[in-house]
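> Give me coordinates for this.
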Amino acid sequence: MDTQRLKSTWAAVTQHGDDVALYFYAHLFVSHPELREMFPLAMEAQRDRLVGALGRVVSSVDELGEIVPYVEQLGRDHRRFGVIAEHYDAVGGSLLWTLKHFLGEEWTADVARDWADAYGMVAAAMVAAAEASEDTQPAWWDAEITEVARVSREIAVVRVMPDNPLPYQPGQSMAITIPHAPRVWRYFTPANAPRADGGIEFHVGLVAGGLVSPPFVKKAKRGDVMRIGAPVGTALVVDPLAEQDLLMVAGGTGIAPFLAILDEVEQGWQNGQTSRRVHVVHGARYPWNLYAGSRLDRLAAYPGFSHTQVASDDPTYPGRRGLVGDVASTVAMPGPYSALVCGSPSMVLHTASALAGGQRPPESIAFEEFGITSEPPAGTALAATAQSIGGQL
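Numbers count the residues shown, from 1 in each chain. Here you go, the predicted structure:
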């Protein structure tokens, strides 16, 4: 298998832009119309996510040994869409047909064999992981909404109760689909550590033109039942009892995973298990979206905790103003520290750059990479595929 040939032929195909995804989906739905119901009604947001991610992953199959955990998570995550082993044949067939169409005379017997072998390796790893997970966890959890609290015009706090225990680590994310936007999945991160009663709290920020957040914020109500996929992602998962200082930088509802982590850190402070120092910088465009202020103020009772709130677009705000990343880069942590960043893609990129260029940069900067770069690394491409096979980001 010539991996360089895989990469060069994929690069040639991508030169055709949106036509590649349009052709792929047309072939998939004509040849396998039963799969259409697995995808959202509105395909505009889907576009090239599936075919683009598949192409990047398969053409990088020479790195499979390094990214096996991502491939396996991808396979497990497909279960929430109702994907079965036979569906991989349909997707693979349409992918190869699409490549043949756009490569024309470049689609030789050797190229076809390379792509078939590479796709087979990726699909086999995904199917094996999915089948192995069937004995340990459901394809999804049903969860009833127990409370919806609108904390600002743009943000709602939604509390849910899964029908069965849903184990996760603070900092992990879960894909959610709601009855108001069927078959459309979005990732949200719990804002609390696992509780004895199993309840989970999600913070939902209104995204203009979004397919999920507007109905989630405006229409979700107590008694609605939504589906939750298995927890994914480890970039924001930390040891709550570690001693290294920690800087958390959040934009908008990106504060959610940090509140979950702080639940566990607070337990460590109470029990004398850690003395680590934590500083949270929470930014929003307007001060009324700094909705976690009371929670952060309560944590200020602990000597190891401090926080800064930042508003970027309100000149009347009496506190810190500006971009949250710029403010975070001026925070003086007393000892060696690591940083966690969560927010919009542009906020994450700016903050990571500002921290790295600060006078005393952190020893590490961690953030989830879903949607952060236009040409994502292998792990990101795999994550994008997992999210788009039957839904989208």
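
> if I pick the spatially closest residue to Arg76 that is not a sequence neighbour, what's in contact with it?
Spatial nearest neighbour of Arg76, excluding adjacent residues (CB to CB, 6 or more residues apart in numbering): Ser133 at 4.5 Å. (Glycine included, C-beta is placed from N, CA and C.) Ser133 makes contacts with Gly75, Arg76, Arg79, Ala230, as judged by CB atoms under 8 Å, 6 or more residues apart in numbering.

> So Tyr88 lies in a strand, does it not?
No - read with DSSP: H, G, I helix; E, B strand; the rest coil, Tyr88 is helix and lies in no strand.

> and the closest residue to Pro315 other than its chain neighbours, how many residues sit next to it?
Of all residues not flanking Pro315 in the chain, Arg321 sits nearest, at 7.3 Å (CB to CB, 6+ apart). Arg321 has 16 neighbouring residues, counting by other CB atoms under 10 Å.

> Bridging across strands, which residues link to Arg321?
Ala311 (DSSP bridges).

> My guess is it contacts Asp314. True?
Yes - between Arg321 and Asp314 there is a contact under CB atoms under 8 Å: 7.4 Å.

> What segments of the protein are strands?
Using DSSP state E, the strands of the chain run over residues 141-150, 155-162, 174-177, 186-188, 200-205, 225-228, 245-251, 278-284, 305-311, 320-321, 337-342, 364-366.

> any idea how far the residue nearest to Arg76 is from Arg79?
Distance of Ser133 to Arg79, given as CB to CB, to the nearest Å: 7 Å.

> Now the common contact residues for the two.
Residues touching both Ser133 and Arg79 by CB under 8 Å, 6+ apart: Ala230.

> Tell me where the protein has helices.
Using DSSP state H, the helices found in the chain span residues 3-14, 18-31, 49-59, 68-77, 85-103, 109-133, 213-218, 256-270, 293-299, 324-328, 345-356, 378-388.

> and Arg183, which of these is closest to it?
Shortest distance between Arg183 and the helices of the chain, using CB to CB, is found for helix 378-388: 11.9 Å.

> separation between Arg360 and Thr330?
For Arg360 relative to Thr330 (CB to CB), the value is 10 Å.

> And Asp110, by the same measure?
With distances taken as CB to CB, Asp110 is found 56 Å from Thr330.

> likewise Leu22?
The value you get for Leu22 to Thr330, if CB to CB is used, is 47 Å.

> Between these two, point out the one with more neighbours.
Each of Leu22 and Thr330 has its neighbours counted (other CB under 10 Å); Leu22 has more, 16 against 13.

> Tell me the pLDDT of the residue of the chain positioned farthest from its centre.
Relative to the mean C-alpha coordinate of the chain, counting by CA atoms, centre = their mean, the farthest residue is Glu105 (38.7 Å). At Glu105, the model reports a pLDDT of 93.

> doesn't Glu131 make contact with Glu72?
No - checked against CB under 8 Å, the pair Glu72 and Glu131 is beyond contact range at 11.0 Å.

> what does the domain assignment say about the chain?
With automatic domain parsing as the criterion, the domains of the chain are listed as 3-136+375-384, 141-228, 245-366.

> Distance across the second one, terminal residue to terminal residue?
End-to-end distance of domain 141-228 (CA to CA, to the nearest Å): 5 Å.

> got it, and the last one?
Separation of the first and last residues of domain 245-366 by CA to CA is 14 Å.

> How far off centre is that domain?
Distance, stretch centre to chain centre, for domain 245-366: 20 Å (CA atoms, centre = their mean, to the nearest Å).

> And for the second one?
A distance of 14 Å separates the centroid of the chain from that of domain 141-228, by CA atoms, centre = their mean.

> same check, this time on the first one
The gap between the average C-alpha position of domain 3-136+375-384 and the chain average comes to 19 Å, counting by CA atoms, centre = their mean.

> so which of the helices of the chain gets nearest Leu236?
Leu236 sits nearest to helix 256-270 of all these, at 5.1 Å, using CB to CB.

> and the closest one with strand 278-284, angle?
If you take axes from the mean of the first three to the mean of the last three CA atoms, to 10 degrees, helix 256-270 sits at 150 degrees to strand 278-284.

> Can you show me the CA trace of helix 256-270 as PDB?
Output in PDB follows, covering the C-alpha atoms of helix 256-270 (Å, rounded to 0.1, in the frame of the first residue of the first chain):
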ATOM      1  CA  ALA A 256     -19.000  24.200  32.000                       C
ATOM      2  CA  PRO A 257     -16.200  21.600  32.000                       C
ATOM      3  CA  PHE A 258     -14.200  23.700  34.500                       C
ATOM      4  CA  LEU A 259     -17.100  23.800  36.900                       C
ATOM      5  CA  ALA A 260     -17.200  20.000  36.700                       C
ATOM      6  CA  ILE A 261     -13.500  19.800  37.400                       C
ATOM      7  CA  LEU A 262     -13.800  22.300  40.300                       C
ATOM      8  CA  ASP A 263     -16.400  20.100  41.900                       C
ATOM      9  CA  GLU A 264     -13.700  17.500  42.400                       C
ATOM     10  CA  VAL A 265     -10.900  19.900  43.200                       C
ATOM     11  CA  GLU A 266     -13.100  21.400  45.900                       C
ATOM     12  CA  GLN A 267     -13.500  18.000  47.500                       C
ATOM     13  CA  GLY A 268      -9.800  17.700  47.500                       C
ATOM     14  CA  TRP A 269      -9.400  21.100  49.300                       C
ATOM     15  CA  GLN A 270     -12.100  20.100  51.800                       C
END
